[in-house]
Structure formats: C-alpha cells, structure tokens
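Student: Here is my input, please return the structure:
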Amino acid sequence: MKHDFLTDTERRALKVWHRKEKDRRLAGRLKVVLHADKGWTYRDIAEALFLEEETVRKHVDEFKTVGKLEHIHGGGSESKLSPSQTAELVNHLDQITYTKAAQVCDYVQKTYSYLESNRRCYASAN
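Tutor: Below you'll find the model as predicted:
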C-alpha cells in the first residue's frame, strides 16, 4: 500500500476536522485515512480501530478515488471540489463564521474558481 498520499495541507485539515467531528463514524473514517497515510497496513488499522480489514480498504479506496469520507444518506450531488480543496474548505469554515450561505458560495467561487452557476449555489443555500 502506498502511504504518504496526503499533502501536508490535507493532513493538517483532516486532523483539525477529526478533532472537531462529533459523528463517531466519520471520525473513524478520518482516522483510517490518516493512519493509512502514515503507512499503517490495513490489517493494523483494522485491529487498532476494531474494524474489518475490508472496511478499512473500502474507506481508503473511496477517499483516494473520489474523496469520499462521509456516509451519504440518499442525496446530494457529487462534490465539485477535490478532496484537498474540501479539506481546506472545512478548515477555513472552522476558522471563519459566515452569517449567510451566499457568503460561503462567494468564497468557494472566488477561492476555487468554481465555475458552476453561482445562482445554483445560492438556490442550494436557500
């Protein structure tokens, strides 16, 4: 298994996210990805976190291929941001409080050159 697949920025952002995450399942997925990045084997991660080895493999593969960490409950569209951009955005939102969803839309469009219609972002935010 190739390790050290996260950038320093991604690694820091995922650690911050993990510290603040209240959902235990998502926190567990974050730990899986962070341990895999350190070079832990799937077997070692599974043993340490009381998971099946196949579950560990699935979480790491989903993160590497589509940036998936969260369990999606039957909805939402695919993220337009890369996993590193998502991690950076989560870190940013932990530090800055916006009063309106439209401000978040503006930030995403400006920072990540998100080209999809801003109108669609605003519609999703309302």
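
Student: what residues are up against Lys68?
Tutor: By Cβ atoms under 8 Å, 6 or more residues apart in numbering, the contact set of Lys68 is Glu62. In this view, the C-beta of every residue, glycine as well, is placed from N, C-alpha and C.

Student: Secondary structure element for it, which one?
Tutor: When elements are assigned from DSSP states H and E, Lys68 belongs to no helix and no strand.

Student: just Asp44 next, same as before
Tutor: Per DSSP H and E: helix 42-49 holds Asp44.

Student: So for the residue nearest to Lys31 when sequence neighbours are not counted, what's the pLDDT?
Tutor: Leaving aside its chain neighbours, Lys31 sits nearest to Leu49 (6.1 Å; criterion: Cβ to Cβ, 6 or more residues apart in numbering). We have a pLDDT of 95 for Leu49.

Student: thought Leu49 was touching Val33?
Tutor: No - assessed by Cβ atoms under 8 Å, Leu49 is found out of contact with Val33, at 11.4 Å.

Student: In terms of packing, which of those two has more residues around it?
Tutor: Val33 (24 against 16; other Cβ atoms under 10 Å).

Student: Roughly how far does Cys105 sit from Tyr98?
Tutor: Between Cys105 and Tyr98 the distance is 10 Å, computed by Cβ to Cβ, to the nearest Å.

Student: do the same with Val16
Tutor: Following Cβ to Cβ, the distance that separates Val16 from Tyr98 is 18 Å.

Student: Contacts only, for Gln85.
Tutor: Gln85 neighbours (Cβ under 8 Å, 6+ apart): Tyr112.

Student: Only the buried residues of the helix or strand where it lies, if you could.
Tutor: Using DSSP H and E, Gln85 falls within helix 83-95. Neighbour counts over helix 83-95 (16 or more other Cβ atoms under 10 Å) mark 83, 85-91 as buried.
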